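Peer 1: Here is a sequence with its predicted model. Questions after.
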Amino acid sequence: LLKFGVEYLDDALRGIFPDDLILLGAPPGIGKTQMCCNVAFANIVAGKRVHYIALEASEFEIERRLKFPLVLERFLSDPNRPRLPQKINYTDWMLGKFKAELVQYELAAAKYFAESFSQLFRYYKQDRFDVNTLIEAVLSCADQTDLIIVDHVHYFDSDDDNENRAMKQIAMTVRTLAIDHQ
C-alpha cells in the first residue's frame, strides 16, 4: 500500500490502494498542495515512483515544498545549529529568511534530494491541460509509476461552461484510469 504521509490517515484508512481515487477539497489556502506534497514525500522516501502533475504551482514549487522538511530535519538534528530569533516556517524559508544561517543545511538537503528523489517526476502546466491531456499523461507513465498526483483539478481546461459537469467528467475519467491502470 502507498502512504498518505499523515499517521492518522495511514492508520485509519490503512494507506492508499493501487486503484484508489482520492479527492481533496477545501477552500483556498487550507493546505491541499501541502497535503499532496506530504503524500508524495512519504511515498518517495518509501522507494515509490511518483508522478506529480502540478496545474497551479509555480515552477519548482513542488521541489521547494519537498526540500523544506529535509532542510528543517538537518537543521534541527544539529546540536550546534545557530540560534534563530524565531521558528523556521516554509514561507519565511522560501522567501530567504535566515538564508546565511541555513546554507549548510540547504546544501545537504539539496544533495540528498538529488540522490534520493530521482523517482519524482514533475509536470507543470504550461499550455492547455484537459481531460485528453490527462489521459495521454497517465497512459504514458502508468507502467512506470506507483502514484500519480494531480494537484488543482479546477485548473483543467474545459470547453464546458458548466463547472460541475466538467468536474464530474474529470472525476469519472480519473476513476476509470485508476481502475484500469492501478
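Peer 2: That came through, no problem. Numbers count the residues shown, from 1 in each chain.
Peer 1: quick one: the strands in the protein?
Peer 2: Here the chain has its strands, by DSSP state E, at 50-54, 120-124, 147-151.
Peer 1: Pull up the pairing partners for the last one, direction included.
Peer 2: Strand 147-151 has the following sheet partners, assigned by DSSP bridges: strand 50-54 (parallel).
Peer 1: Off-centre distance for the partner strand?
Peer 2: In terms of Cα atoms, centre = their mean, to the nearest Å, the centre of strand 50-54 is set 6 Å apart from its chain centre.
Peer 1: Please indicate which of the strands of the chain has the most neighbours on average?
Peer 2: strand 50-54 (a mean of 23; mean count of other Cβ atoms under 10 Å). Yep, even glycine has a C-beta here, placed from its N, CA and C like the rest.
Peer 1: any idea how far the nearest residue to Gly5 once chain neighbours are set aside is from Tyr8?
Peer 2: In space, and not counting its chain neighbours, Gly5 is closest to Ala42: 3.1 Å by Cβ to Cβ, 6 or more residues apart in numbering. As for Ala42, its distance to Tyr8 is 13 Å (criterion: Cβ to Cβ, to the nearest Å).
Peer 1: out of the two, which sits in the busier spot?
Peer 2: Between Ala42 and Tyr8, counting by other Cβ atoms under 10 Å, Ala42 is the more crowded of the two (21 against 8).
Peer 1: Look at that one and report its pLDDT.
Peer 2: The confidence metric pLDDT takes the value 94 at Ala42.
Peer 1: Pick out the residue closest to the middle of this structure.
Peer 2: Cys37 (3.1 Å; Cα atoms, centre = their mean).
Peer 1: In contact with that one, which residues?
Peer 2: Contact analysis of Cys37 by Cβ atoms under 8 Å, 6 or more residues apart in numbering lists 62, 65-66.
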